[in-house]
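1. can you look at this prediction? I've put the sequence above it.
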Amino acid sequence: MRESGFAIAIALVASVSAIPATAQIRPSPEKKTNAPARSLVVAGDTARARSSGVSAQIRSLLDTTTRTLDRLEVHQTSLPPGGSPHPPHRHAHEELMLVEHGTLEVTQESAVRRAGPGSMIFQASNELHGLKNVGADTAVYWVIAIYPRDLADSSQRRK
């Protein structure tokens, strides 16, 4: 049951990522001129951008505005054993993470928790958080970053 719920969540992420490249809106801070994303479907293996850090590989699927959000960003991160995407940090937007494979150590303020396959991690606004792969295999997780219209966007967009 746990795997089927995770498959549904991944299918939802894949369907949300259906925005064609021409519709992926990257609004400027001065003026938003493009229409918000509309409902679409795209193959699950679509990726708009890929980037690699020292220990993280990121596959960006979506970075757009919607009718209710200033920005909705979805990406998949792969971490080798011992890897971390970045040091613990804070930001104003909220994030939802779904663990597909591996074991993550999740730092949230002063608490340290474990998240394995099928786990969901919610990261609240302005709370210290970080992730580290503490398993023996590559960890893979999906990130859904949510930026309400009244929130300043302080993160970098994936290109």
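-> Yep, it's here. Just so you know, these numbers come straight off a predicted model, no measurement behind them.

2. going by C-alpha atoms from here, please, whenever you check contacts or count neighbours.
-> OK.

3. report the backbone C-alpha coordinates of the helix or strand hosting I146 in PDB.
-> Using DSSP states H and E, I146 falls within strand 139-148. Presented in PDB, the C-alpha positions along strand 139-148 are these (Å, rounded to 0.1, in the frame of the first residue of the first chain):
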ATOM      1  CA  ALA A 139      19.000   8.400  -2.300                       C
ATOM      2  CA  VAL A 140      16.400   9.800  -4.700                       C
ATOM      3  CA  TYR A 141      13.700  12.300  -3.600                       C
ATOM      4  CA  TRP A 142      11.200  14.800  -5.200                       C
ATOM      5  CA  VAL A 143      10.900  18.400  -4.100                       C
ATOM      6  CA  ILE A 144       7.800  20.500  -4.600                       C
ATOM      7  CA  ALA A 145       8.500  24.100  -3.600                       C
ATOM      8  CA  ILE A 146       5.500  26.400  -3.100                       C
ATOM      9  CA  TYR A 147       5.700  30.100  -3.400                       C
ATOM     10  CA  PRO A 148       2.500  32.100  -2.600                       C
END
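
4. who touches it?
-> Contacts to strand 139-148, defined as C-alpha atoms under 8 Å, 6 or more residues apart in numbering, come from residues 68-81, 93-104, 133, 153.

5. repeat for stretch 116-130
-> Counting by C-alpha under 8 Å, 6+ apart, the neighbours of stretch 116-130 from elsewhere in the structure are 2-3, 5-6, 84, 86-104, 106-109, 115.

6. just the buried residues of those residues.
-> 6, 84, 88, 90-95, 97-104, 106-108, 115 (16 or more other C-alpha atoms under 10 Å).

7. restricted to strands, list the residues you listed.
-> Using DSSP state E, 94-95, 97-101, 104, 106-108, 115 are the members of these that sit in strands.

8. can I get the residues you listed in JSON lines with pLDDT?
-> Putting those into JSON lines (pLDDT from 0 to 100) gives the following:
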{"residue": "E94", "pLDDT": "96"}
{"residue": "E95", "pLDDT": "97"}
{"residue": "M97", "pLDDT": "98"}
{"residue": "L98", "pLDDT": "98"}
{"residue": "V99", "pLDDT": "98"}
{"residue": "E100", "pLDDT": "98"}
{"residue": "H101", "pLDDT": "98"}
{"residue": "L104", "pLDDT": "98"}
{"residue": "V106", "pLDDT": "98"}
{"residue": "T107", "pLDDT": "97"}
{"residue": "Q108", "pLDDT": "97"}
{"residue": "A115", "pLDDT": "98"}
